[in-house]
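Visitor: below: sequence and its predicted model.
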Amino acid sequence: MNKVGIVGGLGPESTVDYYQQIISKYQDRLGSKEVLPELFINSINMYKVFHLIDTNQVDGLADYLVDAVKKLELVGADFAIISANTPHIVFDQVQQQVQIPMISIVEETYKKAEAFGIDRIGLIGTKFTMENDFFKTPFISGNKEIFVPTHSEQQYIHQKIVEELENGIVNVETKGKYLEIIKRMTHEDKIQGIILGCTELPMIIKDDDLDIPQFNTTEIHVNSIVDTIFLDKN
């Protein structure tokens with residue numbers, strides 16, 4: 001079995017979700033509750049990551065994440081993941097500077113959307129994810145249209161992620177506003193699906209909340225992680 005190294009703490013709530021989902025899916029695959037995967041978690045400072053991105057210190061962010069992955073290499077991880085969408089701004093730079101392979105949440109989400117045959121898709125997440133191109137690039141390259149909320153909507157979504165969801169708070173009023181934004185995009189932008197491009201968003205948006213497909217990036221990422229755990233090392 002391959003051992004996964006998780007760069008976590010981005011935020012703590014989603015890291016717990018990753019851990020629990022990996023265990024659950026691993027046990028389901030083996031058909032037993034009496035087995036556990038061996039994995040490593042390096043929990044880093046989410047607020048430092050936000051500061052580095054907000055102040056456009058891209059190289060500093062890459063260095064911080066490279067150091068985090070290298071520590072996972074040293075303890076024996078066979079591959080690594082970053083348990084958040086936003087830090088994937090520098091995913092390629094990090095992968096180039098570490099020895100073990102990494103699984104991109106962006107690429108795995110694109111593959112899932114492509115399998116659904118969706119050509120017009122919405123994206124919500126932190127302001128960094130919505131403002132930057134790193135999540136949009138594979139979709140645009142694949143001749144798909146990707147839409148984000150208006151500027152004011154982006155500010156609201158980001159604020160509530162940082163102030164509430166990152167702290168484990170699920171607010172009914174916030175949920176209602178999030179769904180209102182997505183429904184507006186469905187009608188005005190004609191989106192056929194929505195990417196929950198922050199690993200905390202599944203805490204507040206559930207499968208039966210919308211009439212269009214949701215792309216839960218955490219679940220998509222975890223499925224790929226478990227697949228890779230079971231890959232033959234040889």
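Guide: In hand now; what should we look at?

Visitor: CA only for contacts and neighbour counts going forward, please
Guide: Will do.

Visitor: same question for the longest helix along the chain, mean pLDDT?
Guide: Determined from DSSP state H, the single longest helix within the chain is helix 12-30. For helix 12-30, mean pLDDT is 96.

Visitor: end-to-end on stretch 143-151?
Guide: End-to-end span of stretch 143-151 (C-alpha to C-alpha, to the nearest Å): 24 Å.

Visitor: now it: buried residues?
Guide: For stretch 143-151, burial by neighbour count (16 or more other C-alpha atoms under 10 Å) applies to 144, 145, 146, 147, 148, 149.

Visitor: cool, stretch 23-36 as well?
Guide: With burial defined by 16+ other C-alpha under 10 Å, the residues of stretch 23-36 counted as buried are 23, 24, 25, 26, 27.

Visitor: was I right to think the third one contacts residue 226?
Guide: Yes - taking contacts as C-alpha atoms under 8 Å, residue 25 lies within contact range of residue 226: 7.0 Å.

Visitor: shared neighbours, these two?
Guide: With contacts defined as C-alpha atoms under 8 Å, 6 or more residues apart in numbering, no residue is shared by residue 25 and residue 226.

Visitor: on that earlier part again, now do the longest helix of the chain: distance to the chain's middle.
Guide: Relative to its chain's centre, helix 12-30 lies at 14 Å (C-alpha atoms, centre = their mean, to the nearest Å).

Visitor: do stretch 172-191 as well
Guide: Chain-centre distance of stretch 172-191: 20 Å, with C-alpha atoms, centre = their mean.

Visitor: ok so, going back, could you dump the buried residues of stretch 143-151 to CSV with secondary structure, distance to residue 219 and pLDDT?
Guide: Listed next are those as CSV, based on DSSP: H, G, I helix; E, B strand; the rest coil; distance: C-alpha to C-alpha, whole Å; pLDDT from 0 to 100:
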residue, secondary structure, distance to residue 219, pLDDT
144, coil, 22, 95
145, strand, 23, 96
146, strand, 20, 97
147, strand, 21, 98
148, coil, 21, 98
149, coil, 23, 98
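
Visitor: take these and write them to CSV, including distance to residue 118.
Guide: Output for these, formatted as CSV (distance: C-alpha to C-alpha, whole Å):
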residue, distance to residue 118
144, 8
145, 9
146, 10
147, 13
148, 16
149, 18
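
Visitor: the strands in the chain, which residues?
Guide: Using DSSP state E, the strands of the chain run over 4-8, 39-43, 79-82, 120-125, 145-147, 193-197, 214-216.

Visitor: closest one to residue 159 among these?
Guide: Ranking those by their distance to residue 159 (criterion: C-alpha to C-alpha) puts strand 120-125 first, at 10.4 Å.

Visitor: mind giving me the domain split of this protein?
Guide: In the domain annotation for the chain, the residue ranges read 4-104+219-229, 106-216 (automatic domain parsing).
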